[in-house]
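Peer 1: What would the 3D arrangement of this be:
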Amino acid sequence: METEMVEPTAMNSYPDQITLIEVGPRDGFQFESKIIPTPLKVEIISGLVAAGLKQIQVTSFVHPQRVPQMADAESLLRALPVWENVELSGLVLNREGLERAHRAGLRHVEISISASDTHSRKNTGMPLDEALQRGQEMVALARQHGMCARAGIQCAFGCVYDGAIPPQRVVDMARVFIDQGAAALALADTTGMADPLSIRRMITEVQLAAGETPLILHLHDTRGLGLVNLMVALECGVTRFDTALGGMGGCPFVAGAAGNIATEDTVYLLDRLQVKTGIRIKDVAACSIKLENFYGKTFAGKMVRLAR
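Peer 2: Take a look at the predicted model:
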């Protein structure tokens, strides 16, 4: 399962090491209708930590009637062990969710809004302008609570409802969050509409606005370009990416949405590019196989098949 490293070449322009942020326990689980018992969630998250993941998005604080899979957010956090040098985070979409995360003792949150007005209304019940204003307020409130707030921009590369998203809109939204003190900025290809050219163009423009604020990419593989887009982002200097074990995930409010780029597949690619992640493919795949057995289905990731 582990890969043989190839010899370095003068053509290698990729970073020596990058950070993968596991979002399967949030983005992946929320897309499944069969409720995962909290003890199994704890088992999977613990397995991911043992596999070498240092940053894991474990839940979201959303209305349980809209996303029943996340109804155990507080009890899950109480049940999880405390690991040294492991960052657990949660997604929040409104002030109530942020306050719940704070009361639960979570130190890291993602405050995420959509660059698409229609998607924003479907996802949060708010038009874009209102969501952006609320997002600013939430970043400020998180900082008041002593929390580290990552700002996410969904549908940054296009929307199935509104079509192409003007890059300047994404840049302007990024500046708003950065000015408010967001610790990192995540660009999400929620609908999987990004391609190598749009990735390069958007990253170039957003990096100018972001300055020293770290940039994260959240790539869905709906049209099969997820890992290709990751390679372009690497060439642009991006060193942080969201991934999901087995390629789980999607968006409940986007018809036909596929999962995130698979953690196992991403690690395999990065191994071949001589980019270190500190993550063991076989151990992540073992977690994916447990979930496949629970659901009685096969996930989209390629490397999971080789681990059986």
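
Peer 1: Just confirm Asn85 contacts Gln55, I think it does.
Peer 2: No - if you go by C-beta atoms under 8 Å, Asn85 and Gln55 don't touch, sitting 10.1 Å apart. C-beta here means a position set from N, CA and C on the backbone, and glycine is covered the same way.

Peer 1: who's more crowded, the two?
Peer 2: Ranked by neighbour count (other C-beta atoms under 10 Å), Asn85 and Gln55 place Gln55 first, with 17 against 6.

Peer 1: For the more buried one, give the beta-bridge partners.
Peer 2: Per DSSP bridges, residues listed as beta-bridge partners of Gln55: Ile21, Glu87.

Peer 1: which ones are touching it?
Peer 2: Residues in contact with Gln55 (C-beta atoms under 8 Å, 6 or more residues apart in numbering) are Thr19, Leu20, Ile21, Glu22, Val86, Glu87, Ser89.

Peer 1: Compare those and tell me which is most surrounded.
Peer 2: Greatest neighbour count in the contacts of Gln55, by other C-beta under 10 Å, goes to Glu22: 28 neighbours.

Peer 1: That one and Asp16, how far apart?
Peer 2: 21 Å (C-beta to C-beta, to the nearest Å).

Peer 1: Likewise for Ala79?
Peer 2: Applying C-beta to C-beta, the value for Ala79 to Asp16 is 36 Å.

Peer 1: same check, this time on Cys155
Peer 2: 32 Å.

Peer 1: same thing with Val23?
Peer 2: 24 Å.

Peer 1: Out of these two, name the residue with the larger neighbour count.
Peer 2: A direct count of neighbours by other C-beta under 10 Å for Val23 and Asp16 places Val23 higher, at 29 against 9.

Peer 1: Quick check: pLDDT value at the more buried one.
Peer 2: Model confidence at Val23, given as pLDDT, is 98.

Peer 1: Now do the same contact list for it.
Peer 2: Counting by C-beta under 8 Å, 6+ apart, Val23 touches Ile56, Gln57, His218, Asp242, Thr243, Ala244, Gly249, Asn260.

Peer 1: how deep is Gly105 tucked in, by neighbour count?
Peer 2: Burial of Gly105 is recorded as 9 neighbouring residues (other C-beta under 10 Å).

Peer 1: and the residue nearest to it when sequence neighbours are not counted, what element?
Peer 2: Spatial nearest neighbour of Gly105, chain neighbours left out: Leu77 (6.7 Å); criterion: C-beta to C-beta, 6 or more residues apart in numbering. Leu77 belongs to helix 73-79 when elements are defined using DSSP states H and E.

Peer 1: what's the answer for Leu187, then?
Peer 2: Assignment of secondary structure by DSSP H and E places Leu187 within strand 184-189.

Peer 1: After that strand, which helix or strand is next?
Peer 2: Moving toward the C-terminus from strand 184-189, the first helix or strand encountered (DSSP H and E) is helix 196-210.

Peer 1: picking up where we left off before, return the closest of the contacts of Gln55 with respect to Met126.
Peer 2: Taking C-beta to C-beta as the measure, Ser89 is the one of the contacts of Gln55 closest to Met126, at 22.2 Å.

Peer 1: didn't that closest one look like it was pressed against His108?
Peer 2: Yes - shown here, Ser89 and His108 form a contact pair, counting by C-beta under 8 Å, at 3.8 Å.

Peer 1: which neighbours do the two share?
Peer 2: When contacts are counted by C-beta under 8 Å, 6+ apart, the set common to Ser89 and His108 consists of Arg150.

Peer 1: Low-confidence regions, the protein specifically.
Peer 2: Filtered on pLDDT under 70, the chain yields the residue ranges 1-12, 251-256.

Peer 1: Strands along that one, start to end?
Peer 2: Counting by DSSP state E, the segments of the chain that form strands are 19-22, 55-61, 87-92, 108-114, 148-154, 184-189, 215-219, 240-243.

Peer 1: Please produce TSV containing these, extended by distance to Leu234.
Peer 2: Formatted as TSV, the entries for the strands of the chain read as follows, by distance: least, C-beta to C-beta, whole Å:
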stretch	distance to Leu234
strand 19-22	12
strand 55-61	18
strand 87-92	22
strand 108-114	22
strand 148-154	20
strand 184-189	14
strand 215-219	10
strand 240-243	9
